[in-house]
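J.: requesting a structural model of the entry that follows:
(one chain, ligands or ions: 3)
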Amino acid sequence: MRGYIFSFLLIAFATFSATAIEIVYPSSQYYWVYGSSQYVMWTSNSTDPSSFNIYLRNNDLPQLAVGSGLALANSVATSLQKTNITLSDNYGKDTGFFIYFSHPSNASMIYTTSELFSIKPSGTAPSVYTPPSTPTPTPEASPTKSAAGTSSTYKSLA
Ligand SMILES: *[C@@H]1O[C@H](CO)[C@@H](O)[C@H](O)[C@H]1NC(C)=O
Ligand SMILES: *[C@@H]1O[C@H](CO)[C@@H](O)[C@H](O)[C@H]1NC(C)=O
Ligand SMILES: *[C@@H]1O[C@H](CO)[C@@H](O)[C@H](O)[C@H]1NC(C)=O
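T.: Numbering: from 1, shown residues only. Ligands and ions are numbered 1, 2, ... in the order given. Sure thing, here's the model as predicted:
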């Protein structure tokens, strides 16, 4: 049930992506912590757009459910594969967040969305990233992306 709701939320927002970019941190496994510098990590390939903006959304928080959400970073170079974000506000809520990457000048052109993730209280020990142990691809490598990639238009936020 939880998995179904999760998938539905992502599809309802936007899952189409013409890119190979995948956000690996934060995720359902890797949370953020309020008030300190937090990782954003992603994978990409050479055909991907060279830069993107990062936005934060939470469909349960009115201030993060309107427009494009909260802008976290502009024109991040895709080749970095990793950057750091510090949230200046505390939303008093720890679940239901996701970030997405968009075209640098059009937040409606969404390249990829993260899984839903948590933001834990200030002082919580950061989640420790464990890189995948083997580069061998498997048919089940991307279960959350199975509905993506069939459309030829970007889904708007509106
Ligand atoms: C990069 O990813 C795109 C989208 O998944 C794919 O079509 C393309 O073949 C990939 N290119 C390389 C060089 O891996
Ligand atoms: C980025 O965030 C991680 C995780 O909290 C932290 O260990 C690291 O020091 C931060 N790096 C920078 C440059 O702020
Ligand atoms: C931004 O992207 C959306 C979705 O592709 C498109 O409908 C819209 O016209 C674009 N806006 C601009 C200013 O290019």
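J.: from memory residue 38 sits against residue 82, does it?
T.: No - judged on Cβ atoms under 8 Å, residue 38 makes no contact with residue 82 at a distance of 11.2 Å. The C-beta positions use only the backbone N, C-alpha and C, and glycine is treated the same way.
J.: show me which of these two is the more surrounded one.
T.: Set side by side, residue 38 and residue 82 show more neighbours around residue 38, with 21 against 12, by other Cβ atoms under 10 Å.
J.: can you give me the distance of that one to residue 105?
T.: 25 Å (Cβ to Cβ, to the nearest Å).
J.: tell me which residue in the protein sits closest to ligand 1.
T.: residue 20 (3.1 Å; Cβ to the nearest ligand atom).
J.: any idea how far the closest residue to that residue other than its chain neighbours lies from residue 22?
T.: Residue nearest to residue 20 in three dimensions, not counting chain neighbours: residue 45, with 4.4 Å by Cβ to Cβ, 6 or more residues apart in numbering. Per Cβ to Cβ, residue 45 is found 10 Å from residue 22.
J.: higher neighbour count, these two?
T.: Comparing residue 45 with residue 22 by other Cβ under 10 Å, the one with more neighbours is residue 22, at 20 against 9.
J.: correct me, but the more buried one touches residue 42?
T.: Yes - contact criterion Cβ under 8 Å: residue 22 and residue 42 qualify, at 6.2 Å.
J.: list residues touching both of the two?
T.: residue 112 (Cβ atoms under 8 Å, 6 or more residues apart in numbering).
J.: how about the strand or helix carrying residue 39, does it reach ligand 1?
T.: For residue 39, the host element (DSSP states H and E) is strand 38-43. No - judged by Cβ under 6 Å from any ligand atom, strand 38-43 stays clear of ligand 1, getting no closer than 10.2 Å.
J.: output that strand in PDB with nothing but the alpha carbons.
T.: Output in PDB follows, covering the C-alpha atoms of strand 38-43 (Å, rounded to 0.1, in the frame of the first residue of the first chain):
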ATOM      1  CA  GLN A  38      23.400  17.900   3.400                       C
ATOM      2  CA  TYR A  39      24.400  15.900   0.400                       C
ATOM      3  CA  VAL A  40      22.600  15.800  -2.900                       C
ATOM      4  CA  MET A  41      24.100  12.900  -5.100                       C
ATOM      5  CA  TRP A  42      23.100  11.800  -8.500                       C
ATOM      6  CA  THR A  43      24.200   9.600 -11.400                       C
END
